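S.K.: using only what follows, build the 3D model:
(2 chains)
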2 protein chains.
Amino acid sequence: MSPDSQPTAASPEARESRRFGRRALLTGGAAGAGLGAALGFGAALGIPGLRDTPTARAVEFGGESLPCHGVHQAGITTPPTAHQRYVAYTLRPETDRDALTRMFRILTGDIEGLTSGVAPLADSEPELAARPARLTITIGVGQALVERVDPELRPKWLAPLPKFSRDRFSGSYDGGDLLVLLQADDPLPLAHAARMLDRDLRSFATHSWTQQGFRQAREAEADGTTMRNLMGQVDGTINPRPKDEDFADLVWLTGSGTASDGNPGWLAGGSALVFRRIRMELDTWDQIDRPGREQTIGRTLSDGAPLTGGSEHTPVDYEATNEFGLPVVPAYAHIRRARSEDLGERIFRRAVNYDDGGESGLLFACYQRDPLSQYVPIQERLDELDLLNEWVTHTGSAVFAILPGFTPERGLGATLLT
Amino acid sequence: MSPDSQPTAASPEARESRRFGRRALLTGGAAGAGLGAALGFGAALGIPGLRDTPTARAVEFGGESLPCHGVHQAGITTPPTAHQRYVAYTLRPETDRDALTRMFRILTGDIEGLTSGVAPLADSEPELAARPARLTITIGVGQALVERVDPELRPKWLAPLPKFSRDRFSGSYDGGDLLVLLQADDPLPLAHAARMLDRDLRSFATHSWTQQGFRQAREAEADGTTMRNLMGQVDGTINPRPKDEDFADLVWLTGSGTASDGNPGWLAGGSALVFRRIRMELDTWDQIDRPGREQTIGRTLSDGAPLTGGSEHTPVDYEATNEFGLPVVPAYAHIRRARSEDLGERIFRRAVNYDDGGESGLLFACYQRDPLSQYVPIQERLDELDLLNEWVTHTGSAVFAILPGFTPERGLGATLLT
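M.R.: The predicted model follows:
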């Protein structure tokens, strides 16, 4: 596929011809769609007269697409989808600056097409791209890619994390020069898009690793239900929300600094991703009684409420003591060790489950401005002492700079390469 | 877990206490449920007054369960679900007839619980079992298991298939003494149930292989949409339907014969499963132009209509010729080679996609009374000549006897072991 012969999906002609894209744009957890009405959703519901109600929710969500353009890339604050795939690549030795420019141009066009439901021209199975089911594709770059462009551009945090004492890396899931993160509510368009991008990248890079994750299926749960992990815990209750006043300060780089302070201009609108593969020892976890497991976390298993009472989103009372004067949330409970008094020491998590039929655990992803001052101190505390450590092992680790968002006029990687 | 201390979920007490199960029973592709109303579905839709409409379709389908009891096991003619997992086990040498009796008793109770949304007593994460999302668990037995009970009971077809010339088995996905087939619309309860059963089985058998498959996500497509495979083809158009008059004759064993004619009494209500792992060579498939790919199959890629016209379900006109007098559906097209003039030479297919991040293809499953007279002649024709052969390779194969259905009174495996 030659980038020169390939009109991007964002060209006016391509946009005119989008047969399936943008039928329904979602901007948050709540759906708004006219698709359901178009498909006779009212009839499917058996509710006479609902057919033409434009507020009806789309049941056949395959046609929903999320915009890929913006100040930030899609896939970070967009609603969590049921399926995720992280794919890492290693650049070929001959992939120089010019080749990277071509590579990002091709990626930009294909991401615009695939996420909107319009297959790239070179796509031989356009039907598999036609129903993206909220597909997003997010691109991150690793240390070696940035250094190949210019070592001076590497933010100080874009390097392997300091080694923690309990890290047990297998070597199969570490690092990477380029990250392609695909997320969708349907595994079919996701698998197809991953293959199309893999074909795009083959002349520039070699495949390094793939990790696939899932959370509850779309529509299986009410919108906004917090994920359960495979230990049975409600996972992700305390998390900065995109609507929070300080969210941008925690997550988005501004580009107002320098590479050596971690905030170089080319990353304005980008973020720093820490990605960890965390194996769960479920066999031994099962052997602990329920109160023991709840004390380990600091929350109930039934609904994720703190042990100090209330419901899932009730603030934890870390001062509360029981009749013996001991803290209700144990000193080394996971939630107590994970938290910091320093409000800047927070991260935006997007964890999902993995289960490769024999080994299972969590694909832990978190976004922030600076892993060295946000993720690392949290993980240092956990690594040092966390009741949960007995049942979790970090077996892979990678850090990527998530590129700024892109527009039809200024493609992916433009700020890095121009 | 001791089977003696474990009440089955089918006991009256357990049934009384089913907190989540059977909220909605599905018996076909169409949903009927009051759950949506209970969960405030009308409110979610933004349709005032809909909240209490009992006909509203459940959007949060996680709570739906399918009955596990019946003449046949669930998971064969029940609606295809989004996610499937095939897990094969090899019996331990010491697993004798008594152990098998215990093993099936445990499996029966846990399948009753897990599929209805009531976690087995020994389940330490009952929350992960609470929303089964149409989970079914289907049990098959292999040659060695039956022979361990009594070699005289083995139906003649329960053995490795004759080797086809194009078979290229990797050795990683062949055979097995026991099959656990899990299907659900949500990967979370499926992963959990697989682990619970794995724990059940550990003292009786060792894990042999796991294969995971998917089709379009639940609610992403309209009900009854035929699956697309990763080659982009509409896959599974011509298939016997459970409502067809001759379906039972093709698929369900009657037990009215003997092991040597393939229809022993203990299999009344059971079926024969042929399971094949079929790798797709998508890179070279992509290089063929669209007409070439359509001629290979005999159907259009856009909607699966036969090349002789009409729409997906229009019968194929195998006699039609083009302006040059050549057949419109080529002599060696896949659909022509797969079909037989003999109506008894048909199978009931349940194929799904797999994509292990690098290799992808089809997990091909078909049900029948006798693989030797149904699957084998079809595959012999395809193996000999099929335009599609260039792009597909069979890399694994297994045959299982799917046990008859079970009831609260007569558990799984009862007919084999008593």
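S.K.: checking A:H207 next. Helix, strand or coil?
M.R.: strand (DSSP: H, G, I helix; E, B strand; the rest coil).
S.K.: show the end-to-end separation of stretch A:343-362, please.
M.R.: Start-to-end span of stretch A:343-362 (C-alpha to C-alpha, to the nearest Å) is 25 Å.
S.K.: buried residues in it?
M.R.: By neighbour count with 16 or more other C-beta atoms under 10 Å in any protein chain shown, stretch A:343-362 contains the buried residues A:345-355, A:357, A:360-362. C-betas here are computed from N, CA, C, even on glycine.
S.K.: stretch A:296-305: which residues count as buried?
M.R.: Buried residues in stretch A:296-305, counted by 16+ other C-beta under 10 Å: A:T296, A:I297, A:G298, A:R299, A:T300, A:L301, A:G304, A:A305.
S.K.: for it, list the C-alpha coordinates in CSV.
M.R.: In CSV, the C-alpha atoms belonging to stretch A:296-305 read as follows (Å, rounded to 0.1, in the frame of the first residue of the first chain):
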residue,chain,number,x,y,z
THR,A,296,-7.0,-7.7,51.8
ILE,A,297,-8.7,-5.1,49.5
GLY,A,298,-10.5,-2.9,52.0
ARG,A,299,-13.8,-3.3,50.2
THR,A,300,-16.7,-5.8,50.2
LEU,A,301,-16.8,-8.3,47.4
SER,A,302,-20.5,-8.1,47.0
ASP,A,303,-20.7,-4.5,45.9
GLY,A,304,-17.3,-2.9,46.4
ALA,A,305,-18.4,-0.7,49.3
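S.K.: what's the burial count for A:R410?
M.R.: A:R410 has 14 neighbours, counted by other C-beta atoms under 10 Å in any protein chain shown.
S.K.: so what pLDDT did it get?
M.R.: Here the pLDDT value assigned to A:R410 is 96.
S.K.: for A:A129, same thing?
M.R.: On pLDDT, A:A129 comes in at 94.
S.K.: residues near the closest residue to it other than its chain neighbours, how many?
M.R.: Closest residue in space to A:A129, ignoring its immediate chain neighbours: A:A119 at 3.8 Å, by C-beta to C-beta, 6 or more residues apart in numbering or on different chains. Using other C-beta under 10 Å, A:A119 is surrounded by 24 other residues.
S.K.: do A:E60 as well
M.R.: Residues near A:E60, counting by other C-beta under 10 Å, number 23.
S.K.: my guess is it contacts B:A217. True?
M.R.: No: counting by C-beta atoms under 8 Å, A:E60 does not reach B:A217; the two are 10.1 Å apart.
S.K.: now, among the buried residues of stretch A:296-305, which is nearest to chain B?
M.R.: Closest approach between those and chain B, by C-beta to the nearest C-beta: A:L301, at 6.4 Å.
S.K.: which SS state does the closest one fall under?
M.R.: At A:L301 the chain is in coil, as set by three-state DSSP.
S.K.: again with the one 10 residues further on
M.R.: The three-state label for A:S311, taken from three-state DSSP, comes out as coil.
S.K.: quick one: mean pLDDT for stretch A:168-188?
M.R.: Stretch A:168-188 comes out at a mean pLDDT of 97.
S.K.: buried set for that stretch?
M.R.: Those would be A:169, A:173-188, for stretch A:168-188 by 16+ other C-beta under 10 Å.
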